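S.K.: Fold the following and give me the result.
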Amino acid sequence: MRLRICTWNVNSVRLRAEQAARFVGEQAPDVLCMQEIKCREGEFPVNAFREMGLPYLKISGQKGWHGVAIASRLPIEDPEPLDVCREGHARCVGVRVAGVEIQNFYIPAGGDIPDRVENAKFDHKMDFYEKLTAEMARRDPKAPLAIVGDLNVAPGEFDVWNHKHMSKVVSHTPVEIEAFRALEASLGFIDLMREARPEPEKLASWWSYRAQDFRQSARGLRLDHILVTPGLRDAAFRLGAPAVRIHEDVRAWERPSDHAPVSADLVL
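M.R.: Got it, this is the predicted structure:
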């Protein structure tokens, strides 16, 4: 069977419900992982997602900010919960679908100053990565696990519009890249997007609202990721190269999120 997993920072699920319905209708994801839903559980547009054909929901909401959710076409089970956010924010939600554990994250952006002493937000981001990496290191790399979401790090030289400039900006600093690579190494995670579209091709999934034409500005960052354990390698490569896509066209829709959805197909 094909399992299409999609991650999307929707930047308010209530504002983007119609766009989500359009995207689901066009791309038919089996599992839609959302970040920055910006609502509490009781405020989530449950009926809209049922009408989309994604009736199985796992929601971790929070008033005003943050919040993550997973909507699935297939029944879901609850894996062991992860406790990696020291601030208690709604930044992680997990499910098991068709035997695959999917953990959906909205990792802290980290503020403006890339210094753990001067900037508590940056320290929180680094702490989140450290806790998550330590948790993953205890897992079995052969187990089918996907980590998806807005991980708020553009790890590669070609995941940013200008490597030299961005190396001093939060999201692409050396210490953040090191944290991201440590997470990858913890279980031998496979970056499906880069497997499908290797460097030096430039890739982005986020573009600032400040640019009137995000394509003309071309100052994007690849912040949204789908990482899978070696236990899912065969499923990801069953048909050859991984079927992975950044849905850049969605960023061009009217009143869009500043992130584009990212999808990957697993053949189980």
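S.K.: need the next SSE after the helix or strand of the chain with the lowest mean pLDDT, C-terminal direction.
M.R.: Using mean pLDDT, DSSP states H and E, the weakest-scoring helix or strand in the chain turns out to be helix 214-217, at a mean of 93. Sequence-wise, the next helix or strand downstream of helix 214-217 (DSSP states H and E) is strand 224-228.
S.K.: and that next one, how far from the chain's centre?
M.R.: Distance, stretch centre to chain centre, for strand 224-228: 6 Å (CA atoms, centre = their mean, to the nearest Å).
S.K.: just so I have it, where are all the strands in this structure?
M.R.: 2-9, 31-35, 56-60, 68-72, 92-97, 100-106, 145-150, 190-191, 224-228, 243-246, 262-267 (DSSP state E).
S.K.: now these as a markdown table including mean neighbour count, mean pLDDT and distance to L15?
M.R.: Every C-beta, even on glycine, is put in place using the N, C-alpha and C of the backbone. Formatted as a markdown table, the strands of the chain follow (neighbours: other CB atoms under 10 Å; pLDDT from 0 to 100; distance: least, CB to CB, whole Å):
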| stretch | mean neighbour count | mean pLDDT | distance to L15 |
| --- | --- | --- | --- |
| strand 2-9 | 23 | 98 | 13 |
| strand 31-35 | 29 | 99 | 12 |
| strand 56-60 | 19 | 98 | 16 |
| strand 68-72 | 26 | 98 | 14 |
| strand 92-97 | 22 | 98 | 20 |
| strand 100-106 | 24 | 98 | 16 |
| strand 145-150 | 27 | 98 | 17 |
| strand 190-191 | 20 | 98 | 30 |
| strand 224-228 | 26 | 98 | 18 |
| strand 243-246 | 19 | 98 | 21 |
| strand 262-267 | 23 | 98 | 20 |
